[in-house]
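Enquirer: Provide a 3D model corresponding to the input given below.
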Amino acid sequence: MSAKEVKSSKVSNKKGNKGSDPENIVRYTIYGISGVVAICLLLAVVFMIIPNTVATAGSEKITKDEFVFFHTQAINSYLQYNTDKLPVDEFLDQSLGEGLTFRNMAVAAATQQVHEYAIQYDLAKKKGLSLTQDEINSTVTSIRSLLEETANEYGVSINTISKANFGLPFRKVVKLYEKAMLGDKYANETVTNMQLSDEDYNAYYEENKESIDRVTARHILLGIAETDSEIKIKGLEDKANDILQKIKDGADFEALVKEHSTDTNSVEKGGKMTFTRNQMVKEFETFVFDNEPGTLGVVRTDYGFHIIEVMEHLFGYEANADIVKSRLPSIKYNKELSELKEGEYAITFRNSFGDIFD
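Expert: Take a look at the predicted model:
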């Protein structure tokens, strides 16, 4: 895969709690023992550059271990795109355009994640939150189990795998996970207990209804291949109209889906789908959003001929209240977190830490 292809695939480190999810800890490792060695050598350079405290977010200190923890995971997430098996440094430093490289993208991603981690941990402490021993034990067991599984597969120690995944020995990883879990606990409690009014929810819906309103429809797809002749395509169109007439005459839609549809993703659901705008091809979307429930018709798209029944319009706040109420608290929380990052908890780097960005 080329650098251009990777960039266009929207490679990103999503904002959230990736660092404290044990299921992600061995997702991107391993590229063979030589890959582990290369990563460890890369991290050795980072350790030499970074002093113990590399930055502060408000009064909360960010240590070299914390930066390396997130930075290593970011590096590993990008190394999965090294399908040409380039040397690690060469791959990380190749240009992605606009001054971007995987190396500086990893630094930026790690900085964002460690910044949020530090803020949430400090807020959790101020709120007096703590973890139960059961919570700690459960996470430690999950991490150890996943690391041991990979270590056994490659015939190396758990610390070798831990360093490859996180840049740190297992005992340090456990401590950082505990801090991340406490920060997550603060975030989850804040979102769960956030007080929002009906006016807040309605306002959010009105501002975003184009991406919230949904339609439920079912269809039978008669797929067209690029090599199909005009005669074959005309035959498929005639077949689509014949199937449509059978449905109008009372034939069982789901039975016809199983008999004729080439859309394997929806066959087991009787051709039924629920979706928002911009999730389907334009011709399909226009038909189902613009026609009333109960409407039947044949629509041609680049995929072929669709025999469609519009089943339900889920328009308006009441029809989408559950979605709005599940979304808005997290959106508000992330907005507040962003404001803290720019204000009270603005991150301040020490000079030697800033050298990593060059």
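
Enquirer: how about Ile62, what does it touch?
Expert: Shown in contact with Ile62 (C-beta atoms under 8 Å, 6 or more residues apart in numbering): 53-56, 114-115, 118, 347. All C-beta spots, glycine's among them, are computed from the backbone N, C-alpha and C.

Enquirer: could you dump the residues you listed to TSV with neighbour count, pLDDT and distance to Lys179?
Expert: Output for those, formatted as TSV (neighbours: other C-beta atoms under 10 Å; pLDDT from 0 to 100; distance: C-beta to C-beta, whole Å):
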residue	neighbour count	pLDDT	distance to Lys179
Thr53	13	86	15
Val54	24	89	16
Ala55	22	92	15
Thr56	16	94	15
Val114	24	97	11
His115	21	97	14
Ala118	24	98	9
Ile347	19	94	17
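
Enquirer: would you turn those residues into JSON lines with distance to Thr101 and secondary structure?
Expert: JSON lines is the format used below for those (distance: C-beta to C-beta, whole Å; DSSP: H, G, I helix; E, B strand; the rest coil):
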{"residue": "Thr53", "distance to Thr101": "27", "secondary structure": "strand"}
{"residue": "Val54", "distance to Thr101": "21", "secondary structure": "strand"}
{"residue": "Ala55", "distance to Thr101": "22", "secondary structure": "strand"}
{"residue": "Thr56", "distance to Thr101": "27", "secondary structure": "strand"}
{"residue": "Val114", "distance to Thr101": "20", "secondary structure": "helix"}
{"residue": "His115", "distance to Thr101": "21", "secondary structure": "helix"}
{"residue": "Ala118", "distance to Thr101": "25", "secondary structure": "helix"}
{"residue": "Ile347", "distance to Thr101": "22", "secondary structure": "strand"}
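
Enquirer: Now flag whichever of those residues is closest to Asn202.
Expert: Closest approach to Asn202 among those (C-beta to C-beta): His115, at 33.0 Å.

Enquirer: any idea how far the residue lying closest to the closest one once chain neighbours are set aside lies from Ala187?
Expert: Distances taken as C-beta to C-beta, 6 or more residues apart in numbering place Ile347 nearest to His115, at 5.0 Å, with adjacent residues excluded. Separation of Ile347 from Ala187 (C-beta to C-beta, to the nearest Å) stands at 18 Å.

Enquirer: same question, Gly223
Expert: Gly223 is 45 Å from Ala187, where distance means C-beta to C-beta.

Enquirer: Give me the helix or strand of this protein that scores worst on average pLDDT.
Expert: helix 3-8 (a mean of 40; mean pLDDT, DSSP states H and E).
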